[in-house]
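> Curious how this folds, go ahead:
(one chain, ligands or ions: 2)
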Amino acid sequence: MRLLVTGGAGFIGSNFVQQTVRERPDAEITVLDAMTYASNLGSLTEVADKIKVVEGDVADAALVDSLVAESDVVIHFAAESHNDNSLNDPWPFVQTNIIGTYSLLQAVRKHEVRYHHISTDEVYGDLELDDPNRFDEETSYNPSSPYSASKAASDMLVRAWARSFNVQATISNCSNNYGPRQHVEKFIPRQITNVIDGVRPKLYGNGVNVRDWIHVDDHNSAVWAIVDKGRIGQTYLIGADGEQNNLEVVGMILEQFGKAKDDFDLVTDRPGHDLRYAIDSSLLRSELGWMPKFTNFRDGLADTVDWYRANEPWWRAQKLATEKVYAAQAR
Ligand code: NAD
Ligand code: DAU
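Residues are numbered from 1 along each chain as shown. Ligands and ions are numbered 1, 2, ... in the order given. Next comes the predicted model:
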């Protein structure tokens with residue numbers, strides 16, 4: 001199988017490539033990545049001799065057309081992915097997430113190539129803390145930030161291309177991922193590397209916001225289940241029943257460093273900050289037989305802390321750049 005993996009030098013895409021090289025040695029993998037600030041070629045070093053890497057933009061229609069023509073399956077991870085950045089400057093989110101998806105859809109339509117679209121639970125907006133309902137495949141779209149609106153728009157393009165042009169597409173909407181090789185702008189790696197640097201973790205607002213955490217390897221095994229067995233045209237939600245509020249997560253990180261659980265600072269909240277995400281992944285489990293392997297969040301988090309402790313050269317340069325951006329926003 002010839003696979004085109006967009007965004008393969010980012011967090012989830014690079015873990016996907018590593019997992020695929022390990023488990024599917026026959027797959028021929030081409031990574032298309034624009035190598036933005038969020039990429040890290042160091043994430044692909046271990047598999048560099050087993051894959052092809054093309055530096056380029058998913059919105060470059062000619063390049064995308066030529067790469068899709070030589071592929072059997074496209075898995076589209078590439079995106080501008082950070083909410084805080086989308087509030088500072090929404091344009092790259094519109095360009096990459098919407099126009100980039102458009103250019104891929106036109107190419108897979110022309111060459112009749114199977115397409116899997118990676119999306120997020122944020123397209124559904126947020127839930128109250130005490131809402132007994134969780135997001136499922138029937139939940140209405142209600143995005144809050146420029147990031148989640150751009151992802152919602154890209155999902156809608158995929159649905160339209162599947163219905164009107166018979167594109168062989170599936171979509172997955174996953175909850176918050178954690179694990180190795182995540183950019184230090186994101187919550188968990190930011191706080192782990194803060195503690196390593198002797199800086200107190202920084203919680204937005206009052207810290208009660210809830211995220212539904214899933215290990216990145218579980219996200220990626222679900223993506224493979226959908227690519228292998230998913231119904232064309234179907235959306236699947238991916239989640240591992242991992243709801244935790246931000247105070248609890250920071251408490252566990254501090255504990256793993258032997259520090260007091262209240263050794264953090266509360267900082268300016270994110271505008272429009274979604275309160276809670278929660279995924280019901282029953283369809284994925286019952287129809288495709290998928291199950292998460294990382295069911296103990298505390299253990300998965302401890303492994304992630306160990307990874308950042310052991311891999312400072314991977315994150316140090318990005319940490320310096322990231323904290324300059326946050327300092328300008330007093331966060
Ligand atoms: P990331 O920011 O770590 O990586 C994104 C990658 O895409 C980077 O390597 C970057 O260089 C590349 N990229 C950006 N713009 C590009 C362009 N125009 N052309 C080609 N490549 C480009 O993101 P991530 O956290 O790995 O997220 C990957 C995908 O998963 C995204 O589509 C995101 O919306 C989705 N998602 C993420 C999460 C999460 O918790 N991180 C959860 C659900 C869904
Ligand atoms: O739900 C899936 C989404 O999860 C993905 O689509 C996004 O690409 C991914 O970035 C993530 O979005 P969040 O906005 O939930 O992730 P982030 O890591 O930015 O923040 C997680 C929570 O932690 C959120 O409530 C904001 C809070 N936070 C974040 C940072 C960076 C803090 O309290 N302090 C921080 O320093």
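> Find the nearest non-adjacent residue to residue 265, please.
Once flanking residues are discounted, residue 265 sits nearest to residue 200: 5.0 Å by C-beta to C-beta, 6 or more residues apart in numbering. Backbone N, C-alpha and C define where each C-beta goes, glycine included.
> mind checking which helix or strand that neighbour is in?
If you go by DSSP states H and E, residue 200 is not part of any helix or strand.
> ok, it - contacts?
Residue 200 is in contact with 194, 263-265, counting by C-beta atoms under 8 Å, 6 or more residues apart in numbering.
> Out of these, give me the two with the largest separation.
194 and 263 (10.6 Å; C-beta to C-beta).
> Filter the contacts of residue 200 down to the buried ones.
Buried members of the contacts of residue 200, scored by 16 or more other C-beta atoms under 10 Å, are 194, 264.
> ok so, going back, what residues are shared contacts of residue 194 and residue 263?
Listed contacts common to residue 194 and residue 263 are 200-201; contacts here mean C-beta under 8 Å, 6+ apart.
> So which of the contacts of residue 200 sit within strands?
Taking DSSP state E as the definition of strands, these contribute residue 265.
> of the contacts of residue 200, closest to ligand 1?
Nearest to ligand 1, judged by C-beta to the nearest ligand atom, of the contacts of residue 200 is residue 194 at 18.8 Å.
> quick revisit: please report the distance of the residue nearest to residue 265 from ligand 2.
Per C-beta to the nearest ligand atom, to the nearest Å, residue 200 is found 11 Å from ligand 2.
> hmm, the helix ranked longest in the chain in reach of ligand 1?
The helix spanning the most residues in the chain, taking DSSP state H as the definition, is helix 146-165. Yes - contact of helix 146-165 with ligand 1 (C-beta under 6 Å from any ligand atom) involves residue 151.
> what's the average pLDDT for that helix?
Helix 146-165 shows an average pLDDT of 98 in the prediction.
> right, and the helix or strand after it?
By DSSP H and E, the next helix or strand past helix 146-165 is strand 169-174.
> so that next one versus helix 146-165, what angle?
Using axes from the mean of the first three to the mean of the last three C-alpha atoms, to 10 degrees, the direction of strand 169-174 lies 160 degrees away from that of helix 146-165.
> now for strand 169-174, which elements pack on it?
Using 3 or more C-beta pairs under 8 Å, 6 or more residues apart in numbering; DSSP states H and E, the elements in contact with strand 169-174 are strand 114-120, helix 146-165, helix 216-229, strand 235-238.
> Can you verify residue 80 is assigned to a strand?
No - counting by DSSP: H, G, I helix; E, B strand; the rest coil, residue 80 is located in no strand; its state is coil.
> Is it correct that it is in contact with residue 96?
Yes - Residue 80 is in contact with residue 96 according to C-beta atoms under 8 Å; the separation is 5.0 Å.
> any idea which element the nearest residue to residue 295 once chain neighbours are set aside lies in?
Closest residue in space to residue 295, ignoring its immediate chain neighbours: residue 240 at 6.9 Å, by C-beta to C-beta, 6+ apart. Using DSSP H and E, residue 240 sits in no helix or strand.
> and residue 240, how far is that from residue 278?
With distances taken as C-beta to C-beta, to the nearest Å, residue 240 is found 11 Å from residue 278.
> Give the intersection of the neighbour lists for those two.
Both residue 240 and residue 278 are contacted by 175, 212, under the criterion C-beta under 8 Å, 6+ apart.
> Quick one, which of the helices and strands packed on strand 169-174 gets closest to residue 209.
Of those, nearest to residue 209 by C-beta to C-beta is helix 146-165, at 14.4 Å.
> And the contacts of that closest one?
Around helix 146-165, the neighbours that count as contacts under C-beta under 8 Å, 6+ apart are 79-83, 85-87, 90, 93-94, 97-98, 100-102, 105, 109, 115, 117, 119-120, 122-123, 125, 141, 143, 167-169, 171, 173, 232-233, 235, 274.
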